[in-house]
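>>> please work out how this folds:
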Amino acid sequence: MRRLATTRGDQVAGTGMRLPALVALVAVLSLSGCGREDPADNAVEAREQNTAELAGVAYRVTLFRELNVSSPPDDAVWEGAPPERGRGLYLLVLRACGAADVPARASDRIHLEDAFGKRFAPRSRETADAFAYTPTALEPGECLPAADTAAEETFGGAVLVFDVPFESTDARPLVLQIGSPEGREKVRVQLDL
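The predicted model follows:
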């Protein structure tokens with residue numbers, strides 16, 4: 001077996017570096033060039049239960065979990081067919097409150113994203129109106145959903161339901177992305193599951 005030309009033990013000739021250190025350096029440099037996205041593109045501004053502010057509205061995901069359409073209170077939320085084999089329905093509870101000194105509009109530009117960037121839109125048509133997240137203009141300090149509504153009293157927030165394959169929920173993290181109504185900014189919230 002032929003060996004790299006070395007001097008003084010395991011040092012690589014002419015560099016003064018030890019062979020294991022050189023191999024580690026090459027590996028790090030190789031990996032740093034992988035991927036097409038800037039790491040900042042995948043950054044999250046908040047985690048579940050924390051507030052993320054965007055365009056004058058403070059958003060807070062209070063809960064993310066699999067929806068069980070055969071038991072209360074989940075059976076009142078979903079009005080559609082059960083998910084296909086290999087997929088699940090996931091309930092996300094969201095509060096949106098006016099955080100600016102002027103009215104601001106809650107966003108309808110929301111989707112779920114898996115660890116590989118695959119996007120899932122909320123299934124609004126099959127979500128019961130009494131619980132559904134319905135974006136509206138919010139006065140300063142006003143929240144969505146309003147107090148004394150079924151959504152607020154049952155879940156503590158408005159509901160979005162996502163139909164997601166189990167392979168995507170296995171590849172964590174899952175992230176909720178909210179885009180500003182004008183489309184110029186976004187916030188990303190990492191979800192617990």
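>>> tell me which stretches of the chain form strands.
6-7, 11-12, 46-47, 51-54, 57-66, 87-98, 104-105, 109-113, 119-120, 137-138, 143-144, 158-165, 174-179, 186-191 (DSSP state E).
>>> least reliable of those going by mean pLDDT?
Of all those, the segment with the smallest mean pLDDT is strand 6-7, scoring a mean of 44.
>>> can you give me the domain boundaries for the chain?
The chain breaks down into these structural domains: 1-34, 39-191 (assignment by automatic domain parsing).
>>> any idea which of those domains is most buried?
Of the domains of the chain, the one with the most neighbours on average (mean count of other Cβ atoms under 10 Å) is domain 39-191, at a mean of 16. All C-beta spots, glycine's among them, are computed from the backbone N, C-alpha and C.
>>> quick one: that domain to chain centroid distance?
Using Cα atoms, centre = their mean, to the nearest Å, we find the averaged C-alpha position of domain 39-191 to lie 9 Å away from the chain's own average C-alpha position.
>>> cool, stretch 173-192 as well?
On Cα atoms, centre = their mean, the centre of stretch 173-192 falls 6 Å from the chain's centre.
>>> let's have the strands of the chain in CSV, adding distance to residue 130.
What follows is the strands of the chain, written out as CSV (distance: least, Cβ to Cβ, whole Å):
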stretch, distance to residue 130
strand 6-7, 74
strand 11-12, 70
strand 46-47, 27
strand 51-54, 25
strand 57-66, 17
strand 87-98, 14
strand 104-105, 22
strand 109-113, 19
strand 119-120, 23
strand 137-138, 19
strand 143-144, 14
strand 158-165, 9
strand 174-179, 22
strand 186-191, 24
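>>> out of those, the one nearest residue 128 is which?
Taking Cβ to Cβ as the criterion, strand 158-165 is the member of the strands of the chain that comes nearest to residue 128, at 8.1 Å.
>>> list the helices and strands the closest one packs on?
The elements that strand 158-165 packs onto, with contact taken as 3 or more Cβ pairs under 8 Å, 6 or more residues apart in numbering; DSSP states H and E, are strand 87-98, strand 109-113, strand 119-120.
>>> the strands of the chain: which one's closest to residue 74?
Evaluated over the strands of the chain, closeness to residue 74 peaks at strand 87-98, with 6.9 Å, by Cβ to Cβ.
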